[in-house]
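# next one to model:
(2 chains)
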Amino acid sequence: GDSVTQTEGQVTVSESKSLIINCTYSATSIGYPNLFWYVRYPGEGLQLLLKVITAGQKGSSRGFEATYNKEATSFHLQKASVQESDSAVYYCALSEPPGGNYKPTFGKGTSLVVHP
Amino acid sequence: EAAVTQSPRNKVTVTGGNVTLSCRQTNSHNYMYWYRQDTGHGLRLIHYSYGAGNLQIGDVPDGYKATRTTQEDFFLLLELASPSQTSLYFCASSDGTGGGAEQFFGPGTRLTVL
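Numbers count the residues shown, from 1 in each chain, chains lettered A, B, ... in the order given. Predicted coordinates for the structure are as follows:
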């Protein structure tokens, strides 16, 4: 089946420093999967941060970026300068393209703590 | 604005108890999902549905039943709750278009089985 592997556990970064959370995937469909980053703030449900459905493209939102690398099967999340308000849990996810097994798959989540 | 609500927000029950978690979406979406979130495991799919009366099995279905009564309402049933089902449960909806559709999540239900 499909799988998503991302940076495990907690990542601690000082405010204004750069961030990268790694994500790699494995998909069983013939076509390329759709890739997502979701974020969950304390006490809330997950919300979409960004998505990319075309291999080779980059998605961006709120200063975060992720590039769909089909050769490396990766979708790493990056931000040049984090803020304390970015502290949250981040999830990498994929879903199959049309004709595939439409069942979303999530990574285990990465907890980001930004220190002032 | 798209909305997914869950009830109750917190629930405590005993081993062997009967629990129903409710989810309602006002997005007019076809797809609805139930997940559980556990430390070290991330978000795992229990059941999902693509319309009223439809049910699809997810990755961790054992011990859970689900029922989609209308397009808006999706229920998760634990008929003999066990401590291993203590978790944070999320419901989500999406329109499922082409697989690239965003999922909209509820705020979660924290279930404790003593």
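# okay, now the sheet partners of the worst-scoring helix or strand of chain A on mean pLDDT, with direction.
Using mean pLDDT, DSSP states H and E, the weakest-scoring helix or strand in chain A turns out to be strand A:105-106, at a mean of 92. Strand pairing for strand A:105-106, determined by DSSP bridges: strand A:88-95 (antiparallel).
# name the nearest residue to B:Ser87, sequence neighbours excluded.
Spatially, and ignoring its direct neighbours in sequence, B:Ser87 is nearest to B:Arg36 (4.3 Å; C-beta to C-beta, 6 or more residues apart in numbering or on different chains). Every C-beta, even on glycine, is put in place using the N, C-alpha and C of the backbone.
# now B:Ser84: phi and psi?
Per-residue torsions, B:Ser84: phi -70, psi -10 (degrees, to the nearest 10).
# pick out the residue nearest the middle of chain B.
Closest to where the C-alpha atoms of chain B average out (C-alpha atoms, centre = their mean) is B:Trp34, at 2.6 Å.
# ok, it touching B:Cys91?
Yes. Taking C-beta atoms under 8 Å as the definition, B:Trp34 is a contact partner of B:Cys91 at 5.8 Å.
# residues shared between the contacts of these two?
B:21, B:23, B:74, B:76 (C-beta atoms under 8 Å, 6 or more residues apart in numbering or on different chains).
# report the separation between the second one and A:Cys23.
Between B:Cys23 and A:Cys23 the distance, using C-beta to C-beta, to the nearest Å, works out to 27 Å.
# just the last one next, same as before
Distance check for B:Leu76 against A:Cys23: by C-beta to C-beta, it reads 28 Å.
# who's B:Glu42 bridged to?
One correction, residue B:42 is Gly, not Glu. Under the criterion used here (DSSP bridges), B:Gly42 is bridged to B:Asp38.
# on that earlier part again, who wins for neighbours among the shared contacts of B:Trp34 and B:Cys91?
Counting neighbours by other C-beta atoms under 10 Å in any protein chain shown, the top entry in the shared contacts of B:Trp34 and B:Cys91 is B:Phe74, with 29 neighbours.
# report the contact partners of it.
Contacts for B:Phe74 were tallied using C-beta under 8 Å, 6+ apart; they are B:23-25, B:32, B:34, B:49, B:66-68, B:91.
# by neighbours, which of the residues you listed wins?
B:Met32 (30 neighbours).
# so it lies in a strand, does it not?
Yes. Counting by DSSP: H, G, I helix; E, B strand; the rest coil, one finds B:Met32 located in a strand.
# ok, what's across the strand from B:Phe105?
Note on B:Phe105: beta-bridge partners by DSSP bridges are B:Ala92.
# quick one: pLDDT of it?
Note for B:Phe105: predicted pLDDT of 94.
# hmm, it is touching B:Ser94, no?
No. B:Phe105 is beyond contact range of B:Ser94, at 9.9 Å (criterion: C-beta under 8 Å).
# which neighbours do those two have in common?
Common contacts of B:Phe105 and B:Ser94 (C-beta under 8 Å, 6+ apart): none found.
# identify the spatial nearest neighbour of B:Ile46, chain neighbours not counted.
B:Ile46 sits nearest to B:Trp34 (C-beta to C-beta, 6+ apart), 4.4 Å away.
# so who does the one you found touch?
So B:Trp34 contacts B:21, B:23, B:45-48, B:58, B:64, B:66, B:74, B:76, B:89-91 (C-beta under 8 Å, 6+ apart).
# could you export those residues as TSV, including secondary structure and pLDDT?
Formatted as TSV, the contacts of B:Trp34 follow (DSSP: H, G, I helix; E, B strand; the rest coil; pLDDT from 0 to 100):
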residue	secondary structure	pLDDT
B:Leu21	strand	98
B:Cys23	strand	98
B:Leu45	strand	93
B:Ile46	strand	96
B:His47	strand	95
B:Tyr48	strand	92
B:Gly58	coil	90
B:Tyr64	coil	98
B:Ala66	strand	97
B:Phe74	strand	98
B:Leu76	strand	98
B:Tyr89	strand	98
B:Phe90	strand	97
B:Cys91	strand	97
